[in-house]
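A.B. asks: predicted model, plus sequence, below.
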Amino acid sequence: MKLKETFVEFPNARGKLLRGMIHRPAGTRGVAPAVVFFHGFTGDRMESHWIFIKCARALASQGIASLRFDFYGSGESEGSFREATLQSEITDARAAVRFMQRQKGIDAARLGLCGLSLGGCVAACVAPSTKAKALVLWSAVAQPAILQQLSKKLGKPSPNHADDFEYDAREISAQFLKDAAKVDPLSAVHRFTRPILIIHPGKDGTVPRSHAADFLQASGAGIKEKVLIPGADHTFTSIAWESAVIGLTVEWFRRYL
């Protein structure tokens, strides 16, 4: 099946431009179901080893459209990373869903969400309010307070702002970390009653496997499944691991969208 990929930009709640890519199965009649991807902390709409691109194209080959976008302050979207908060990413996520639902040829009632790491936290948080039909979480953060631990462990003091951190050449504001601890994705996912697939690496050195168990236990979904990818790291960095994740994800959305 021929695929169509289109660069897009749309405003968030504050009128700042978010930029992304829509993938469509070209030549299809009627309307298609769709998935919105949410990238991880300090990530972007392509994600590590381009796993979001690969998954989006795999979905399109099966007749499912998708949107990948950069949160405010990340990738090519407007703003600086230091200005972002987890709450602003949640607001951006809702804006992205509304934007995708308004697209010509998209079935607004058949929308799925997929998030990696902190993007999984975001996906869980917006799933009930956006009335998503299915949810897939990859290496997802169930306890956002972990960001404070990771920033102190992996980061170093910012040279520009007291109390802030530098990680991977990005400034992480103390406010981001403080506000993130107030977000409760487990409470949100408890209100989500549609199918949820939780995929977690067997050797995640960033987000412990207990987070996947927390999501499974908290989920209110009638249909829910947890899959561990043996030996995999946080972003599934091998051809075999990413193939397994993409295959499971595409099949889940084929079945439930």
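C.D. replies: That came in fine, so what should we check first?
A.B. asks: going by C-alpha atoms from here, please, whenever you check contacts or count neighbours.
C.D. replies: Fine.
A.B. asks: how close does residue 227 sit to residue 139?
C.D. replies: Residue 227 sits 11 Å away from residue 139, taking CA to CA, to the nearest Å as the criterion.
A.B. asks: got it, and residue 17?
C.D. replies: Distance from residue 17 to residue 139, by CA to CA: 28 Å.
A.B. asks: comparing residue 227 and residue 139, which shows the higher neighbour count?
C.D. replies: More crowded of residue 227 and residue 139, by other CA atoms under 10 Å: residue 139, with 30 against 15.
A.B. asks: correct me if wrong: the more buried one contacts residue 203.
C.D. replies: No. Assessed by CA atoms under 8 Å, residue 139 is found out of contact with residue 203, at 10.4 Å.
A.B. asks: A helix includes residue 49, no?
C.D. replies: Yes. Under DSSP: H, G, I helix; E, B strand; the rest coil, residue 49 falls within a helix.
A.B. asks: ok, now which ones touch it?
C.D. replies: Residue 49 is in contact with residue 237, counting by CA atoms under 8 Å, 6 or more residues apart in numbering.
A.B. asks: one more: the one 3 residues further on?
C.D. replies: Remark: with contacts taken as CA under 8 Å, 6+ apart, residue 52 is in contact with 37, 45-46, 68.
A.B. asks: any idea how far residue 171 lies from residue 245?
C.D. replies: Using CA to CA, one gets 31 Å for the distance from residue 171 to residue 245.
A.B. asks: now residue 200
C.D. replies: Counting by CA to CA, the gap from residue 200 to residue 245 is 9 Å.
A.B. asks: need the overlap of contacts for those two.
C.D. replies: Shared contacts of residue 200 and residue 245, defined by CA under 8 Å, 6+ apart, are found at residue 229.
A.B. asks: more crowded one of the two?
C.D. replies: Taking neighbours as other CA under 10 Å, residue 200 and residue 245 compare with residue 200 leading, 31 against 20.
A.B. asks: which ones are touching the more buried one?
C.D. replies: 138-140, 209, 212, 226-229, 234.
A.B. asks: which one of the residues you listed is nearest to residue 41?
C.D. replies: residue 140 (10.9 Å; CA to CA).
A.B. asks: and the closest residue to residue 236 other than its chain neighbours, which of the three is it?
C.D. replies: Computed as CA to CA, 6 or more residues apart in numbering, the closest residue to residue 236 that is not its neighbour in sequence is residue 242, at 5.4 Å. Look at residue 242: counting by three-state DSSP, its state is helix.
A.B. asks: hmm, back to that, shared neighbours, residue 227 and residue 139?
C.D. replies: Counting by CA under 8 Å, 6+ apart, the residues touching both residue 227 and residue 139 are 198-200.
A.B. asks: need those in JSON lines (columns: distance to residue 6).
C.D. replies: Formatted as JSON lines, these follow (distance: CA to CA, whole Å):
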{"residue": "198", "distance to residue 6": "29"}
{"residue": "199", "distance to residue 6": "28"}
{"residue": "200", "distance to residue 6": "30"}
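A.B. asks: next step: the residues you listed restricted to strands.
C.D. replies: The strands, defined by DSSP state E, take in 198-200 from the shared contacts of residue 227 and residue 139.
A.B. asks: what comes up buried for the helix or strand encompassing residue 124?
C.D. replies: In this structure, residue 124 is located in helix 118-126 according to DSSP states H and E. For helix 118-126, burial by neighbour count (16 or more other CA atoms under 10 Å) applies to 118-126.
A.B. asks: who touches it?
C.D. replies: For helix 118-126, using CA under 8 Å, 6+ apart, the contacting residues are 38-41, 86, 89-90, 93-94, 113-115, 135-142, 144, 184-186, 188-189.
A.B. asks: give me the residues contacting whichever helix or strand comes after that helix.
C.D. replies: Next helix or strand after helix 118-126 toward the C-terminus (DSSP H and E): strand 134-138. With CA under 8 Å, 6+ apart as the test, strand 134-138 has contacts from 111-117, 120, 123-124, 127, 194-200, 249, 253, 256-257.
A.B. asks: I'm done for today, thanks for sticking with me.
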